[in-house]
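Trainee: Sequence first, predicted model second:
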Amino acid sequence: MRATDAIQGTRAIEHLMALLRIEGLSGDERAVSDEVRRRLVAAGCPRSAIREDDAARRLGEKFHCGNLIVRWPGTRSGPRRLFLGHMDTVPLCRGAVPVRRGNRVVARGATAVRADNRTAVAAIVTAAEALMRCDADHPPITLLFTIAEEIGLYGAKAVRPQDLGRPAMGFNLDSGDPSKIIIGAIGASRWTAMVRGRSSHAGMHPERGVSAMLAAARAIERAASGGWFGRIEQGSRCGTANAGMICGGEATNQVTDRVEVRGECRSHSRAFLRRIVAAWRRAFEQAAASVRNVHGERASVVFQETSDYRAFRLPAGHPAVRLAMRAAKMVGMSPVAEVVNGGLDANPLVEKGIPTVTLGAGQHNAHSVDEYVDLDEYVAGCRLLFELMRAVG
Ligand SMILES: [Zn+2]
């Protein structure tokens, strides 16, 4: 059966509208998870194939729902394929009422419309339903609906490969145009610099104080004048860095003894990302050492880095990339490979040894009140997914 016959636009859009209507902020995905489960069971998926993992328990009290996992054996043998999309939406989607305007779905009021990422959730449900209904031949398949992507890829970071049946490759849906095949994504690190000085009366004995404020200011300036602030380009290597938060100080008449600065760095090259972070660490250490009082006491800094997600790039010849390209051509697209500057659920999965490509299902202008779903792209994304589930590869 052809994908255009197996996937009817009206049915695909029915799933989409139902899922777009459901609230589901990061950490509170329960209603979305229940709806996905209900729709899959109604389509013929055995209840025993569906389970929720224990990610919520492991992540802590802010999380009220785990990752939803569906595992099917293949009707033919072959490496297991994983299909995933995140269930949560950003706070700007709170209270959204999706309405159809011609070929688009938009929000009625001043909210985002939840296209990021319910287009993915609905497309996976639609393609899975079509696969069950037309009894198509397929290799072993795992569906994964992740939690808390928007606040730090928590669900994808917490999921265990053995709970997924150790898939050989993954297909993540979290983009717009389905003909763009995302084969790589940037890596990022966050850092915190705790700058310590010594307090003193700023009017009576300023010379006895060691200003953490001055040390922090010098550190940022030092990093910037060294070329490590904002967009960073050194030959063929590039990245970005930002000092995004600063807090400290208690009174204007008190030399500041404590300032905390937080920032982030990004690069497609892991080695270059390490260099950027090292430059910021050095800037803080040198700046702290340069601020001293009359007694020769210096400021000090504790600089801590936490890796957010690692950069990756799948080779063009990787089986997952080739399969995505072939399936896209089968549904009449002209696919192109892309690399993006944001973190995806694909990043932690690649780190766990599951090479993952990311595809689109019609979401646009995510995280803004201008967000919309392009319904032609959405239906095309559903058909691409259906081919990916059954294609011989
Ligand atoms: Zn998203």
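Mentor: Alright, I've got the coordinates. Residues are numbered from 1 along each chain as shown.

Trainee: Spell out which residues of the protein are next to the ion.
Mentor: Counting by Cβ under 5 Å from the ion, the chain comes close to the ion at Asp116, Asn117, Asp174. Every C-beta, even on glycine, is put in place using the N, C-alpha and C of the backbone.

Trainee: Does Ala366 touch Ala112 like I think?
Mentor: Yes. The pair Ala366 / Ala112 is scored as a contact, 7.2 Å apart, by Cβ atoms under 8 Å.

Trainee: any shared contact partners between those two?
Mentor: Val90 (Cβ atoms under 8 Å, 6 or more residues apart in numbering).

Trainee: which residues touch the lowest-mean-pLDDT helix or strand in the chain?
Mentor: When each helix and strand of the chain is scored by mean pLDDT, DSSP states H and E, helix 3-6 comes last, with a mean of 85. Residues from elsewhere that reach helix 3-6 (Cβ under 8 Å, 6+ apart): Ala130, Leu131, Arg133, Cys134, Ala136, Met330, Val331, Arg383, Leu384, Phe386, Glu387.

Trainee: And stretch 244-264, by the same measure?
Mentor: So stretch 244-264 is contacted by 188-203, 206, 208-216, 219-220, 241-243, 280, 284, 308 (Cβ under 8 Å, 6+ apart).

Trainee: Any quick ChimeraX command for the buried ones out of these?
Mentor: Applied in ChimeraX, the following selects the buried portion of the contacts of stretch 244-264 according to 16 or more other Cβ atoms under 10 Å:
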select :188,189,190,191,193,194,195,196,197,198,199,200,209,210,211,212,213,214,215,216,219,220,241,243,280,284,308
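
Trainee: Can you show me the helices along the stretch 51-200 of the chain?
Mentor: 55-59, 115-133, 154-158 (DSSP state H, counting those that start in this stretch).

Trainee: Taking their axis directions, the next helix or strand after the least confident helix or strand of the chain and helix 115-133 sit at what angle?
Mentor: Counting by DSSP states H and E, the element after helix 3-6 in chain order, helix or strand, is helix 9-20. Angle, helix 9-20 to helix 115-133, by axes from the mean of the first three to the mean of the last three Cα atoms, to 10 degrees: 130 degrees.

Trainee: Which positions within helix 9-20 qualify as buried?
Mentor: Neighbour-count burial for helix 9-20 [16+ other Cβ under 10 Å]: Gly9, Ala12, Ile13, His15, Leu16, Met17, Ala18, Leu19, Leu20.

Trainee: ok, now which ones touch the first one?
Mentor: What that stands for is Gly9. Applying Cβ under 8 Å, 6+ apart, the residues near Gly9 are Leu375, Val379.

Trainee: Relative to the ion, how far out is it?
Mentor: Taking Cβ to the ion, to the nearest Å as the measure, Gly9 falls 23 Å from the ion.

Trainee: start the count at 438, not 1, going forward
Mentor: Okay, using 438 as the starting number, the last item reads as Gly446.

Trainee: Got the confidence number for that residue?
Mentor: Among the per-residue scores, Gly446 shows a pLDDT of 93.

Trainee: What's the separation between it and Cys684?
Mentor: Distance of Gly446 to Cys684, given as Cβ to Cβ, to the nearest Å: 51 Å.

Trainee: count of neighbours near Arg531?
Mentor: By the measure other Cβ atoms under 10 Å, the count of residues near Arg531 is 12.

Trainee: residue contacts, it?
Mentor: Neighbouring residues of Arg531 by Cβ under 8 Å, 6+ apart: Glu460, Leu462, Thr548.

Trainee: Summarise which helices and strands the lengthiest helix in the chain is packed against.
Mentor: In the chain, assigned by DSSP state H, the helix with the most residues is helix 707-727. When contacts are defined as 3 or more Cβ pairs under 8 Å, 6 or more residues apart in numbering; DSSP states H and E, helix 707-727 packs onto strand 624-633, helix 649-662, strand 674-685, strand 695-704, strand 737-746.

Trainee: pull the CA atoms of that helix into PDB?
Mentor: Provided in PDB are the C-alpha atoms of helix 707-727 (Å, rounded to 0.1, in the frame of the first residue of the first chain):
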ATOM      1  CA  ARG A 707      33.900  19.200  21.100                       C
ATOM      2  CA  ALA A 708      37.600  20.200  21.300                       C
ATOM      3  CA  PHE A 709      36.800  23.800  20.500                       C
ATOM      4  CA  LEU A 710      34.000  23.900  23.100                       C
ATOM      5  CA  ARG A 711      36.600  22.800  25.600                       C
ATOM      6  CA  ARG A 712      38.900  25.600  24.500                       C
ATOM      7  CA  ILE A 713      36.100  28.200  24.900                       C
ATOM      8  CA  VAL A 714      35.200  27.000  28.400                       C
ATOM      9  CA  ALA A 715      38.900  27.000  29.300                       C
ATOM     10  CA  ALA A 716      39.300  30.600  28.100                       C
ATOM     11  CA  TRP A 717      36.400  31.700  30.400                       C
ATOM     12  CA  ARG A 718      37.900  29.800  33.300                       C
ATOM     13  CA  ARG A 719      41.300  31.400  32.700                       C
ATOM     14  CA  ALA A 720      39.700  34.900  32.400                       C
ATOM     15  CA  PHE A 721      38.000  34.500  35.800                       C
ATOM     16  CA  GLU A 722      41.100  33.100  37.500                       C
ATOM     17  CA  GLN A 723      43.400  35.900  36.100                       C
ATOM     18  CA  ALA A 724      40.800  38.600  36.900                       C
ATOM     19  CA  ALA A 725      40.400  37.400  40.400                       C
ATOM     20  CA  ALA A 726      44.100  37.400  41.000                       C
ATOM     21  CA  SER A 727      44.300  41.000  39.700                       C
END
